[in-house]
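Trainee: my questions concern the predicted model and sequence given below.
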Amino acid sequence: MRRVAAVLAVMAAVGCAAGSGQAGNFDNWLAKFRAEAAAEGISPATLDAALTGLRPLEKVLNRDRRQPESRLTFETYSSRLLKPRNIERGRAVMAEHGRLLRQVSGRYRVQPRFIVAIWGIETRYGAIKGSTEVVAALATLAFDRRRSRFFRAQLLDALRMVDKGYIGLADMKGSWAGAMGHPQFIPSSYLAFARDFDGDGRRDIWNNLGDVFASIANYLRQHGWSDARTWGRGVRVPETVRGAYDSMRAEKAKGCRALRQATAPRDLGDWQAAGLRRLSGAALPAVGLDARLLMPDGAGGKGFLVYRNYESLLRYNCSNLYALTVGLLSDAVGGRR
């Protein structure tokens, strides 16, 4: 009885949050969405199979309201993902798939350690890919007012994937937010960035590691990645800079909102002159390179200088906790100090 009441309460909450001024009627919303999808060219057969009997998912809304990136400190978040077993597993898959990773790296110009790090954080190297029905999850989030426009577009793209035969509806499972396969691509990312590395006519991010690695690498490359540089590094920050950090933050930074937590870019020579040093105490690299200072837990926490490639990582997931952890895991599995 409590379970039924809870489900009804969540459905009522979703309905009250629905866009377009609707009075909480998911069926009416779904009928209008179906008409829109049909106008976009989705076939009646796909619409019947995907939308008939569809209901909002309570667990999806619960997860959406409790995302870890918005609640955890960097220390807590990173410690959960940079465990020795995750690093050891990353090194093992780097060795196991070394030839394939080098081939992908040569084509897309993205270092293997970054491909592996994203793979490791997204799905623990393919071990945890999610079992939620993607269409139902996206419909729930599209009906909810908080980010309805974004998820409505994702739901349309998911139906396009089914309609074009890229994946069967029964196999379209993933995260609570509709991310799929080893790289956890949302539907729009799949359509734009997934790649068929082995030329078999499919962009299989669910089972084909060549396609998985190429898709991750292509995503980074298309978002400005340069294999001539790394992501950044941890640094020692003097008290004088810590005290001025809040006033140095780039509150109007373009792009991912997470950049607003960092400073505007400055040349490494300027940071050297300001007293920043590598964690070992050594001088910063003597190269002409811009970097932002980022202290994810505030002026009293750890400091990092992040380069242009870091912004490419933020395009994968607009979270400093995520992007910093990818960078640190890439260093650990790649043996970089």
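Mentor: Structure's in. What do you need? Numbering: from 1, shown residues only.

Trainee: separation between the residue nearest to Gly303 when sequence neighbours are not counted and Ala274?
Mentor: Nearest residue to Gly303 in three dimensions, chain neighbours excluded: Val237, at 3.8 Å (Cβ to Cβ, 6 or more residues apart in numbering). C-betas here are computed from N, CA, C, even on glycine. Using Cβ to Cβ, to the nearest Å, Val237 is found at 9 Å from Ala274.

Trainee: quick one, which of the two is more surrounded?
Mentor: Val237 (22 against 14; other Cβ atoms under 10 Å).

Trainee: now do the contacts for the more buried one.
Mentor: Taking Cβ atoms under 8 Å, 6 or more residues apart in numbering, we find Val237 in contact with 245, 275-276, 293, 295, 303.

Trainee: which residues touch stretch 257-264?
Mentor: Applying Cβ under 8 Å, 6+ apart, the contact partners of stretch 257-264 are 245, 248-253, 292-296, 306, 311, 314, 318-320, 323.

Trainee: which residues touch stretch 59-72?
Mentor: By Cβ under 8 Å, 6+ apart, stretch 59-72 touches 10, 13-14, 77, 132, 136-137, 140-141, 144, 146, 176-177, 317, 319, 321-322.

Trainee: can you tell me the distance between the two ends of it?
Mentor: 20 Å (Cα to Cα, to the nearest Å).

Trainee: in helices, which of the contacts of stretch 257-264 fall?
Mentor: 245, 248, 311, 314, 320, 323 (DSSP state H).

Trainee: so the fifth one makes contact with Pro296?
Mentor: In other words, Asn320. Yes - Asn320 lies in contact with Pro296 (Cβ atoms under 8 Å); the separation is 4.8 Å.

Trainee: between these two, which one's more packed in?
Mentor: Using other Cβ under 10 Å as the criterion, Asn320 and Pro296 rank with Asn320 on top: 26 against 21.

Trainee: list the contacts for that one?
Mentor: Contacts of Asn320 by Cβ under 8 Å, 6+ apart are 74, 258, 261-262, 294, 296, 314.

Trainee: so where's the stretch 151-300 of the chain shaky on pLDDT?
Mentor: Applying pLDDT under 70 to the stretch 151-300 of the chain picks out no residues at all.

Trainee: where along it do the helices fall?
Mentor: 187-193, 209-222, 239-248, 268-273 (DSSP state H, counting those that start in this stretch).

Trainee: relative to Ile205, how far out is Arg278?
Mentor: 37 Å.

Trainee: looking at the two, which one has more neighbours?
Mentor: Ranked by neighbour count (other Cβ under 10 Å), Arg278 and Ile205 place Ile205 first, with 27 against 15.

Trainee: and the more buried one, what does it touch?
Mentor: With the criterion set at Cβ under 8 Å, 6+ apart, Ile205 makes contact with 180-183, 185, 190, 194, 211-212, 215.

Trainee: and for Phe304?
Mentor: Phe304 is in contact with 232-235, 293-296, 324, counting by Cβ under 8 Å, 6+ apart.

Trainee: could those residues be laid out in TSV, adding distance to Gln103?
Mentor: Putting the contacts of Phe304 into TSV (distance: Cβ to Cβ, whole Å) gives the following:
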residue	distance to Gln103
Gly232	27
Arg233	28
Gly234	31
Val235	34
Leu293	36
Leu294	33
Met295	38
Pro296	35
Leu324	28
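
Trainee: could you report the neighbour count for Arg80?
Mentor: 12.

Trainee: begin at 12 from now on, thanks
Mentor: With 12 as the first residue, the last one maps to Arg91.
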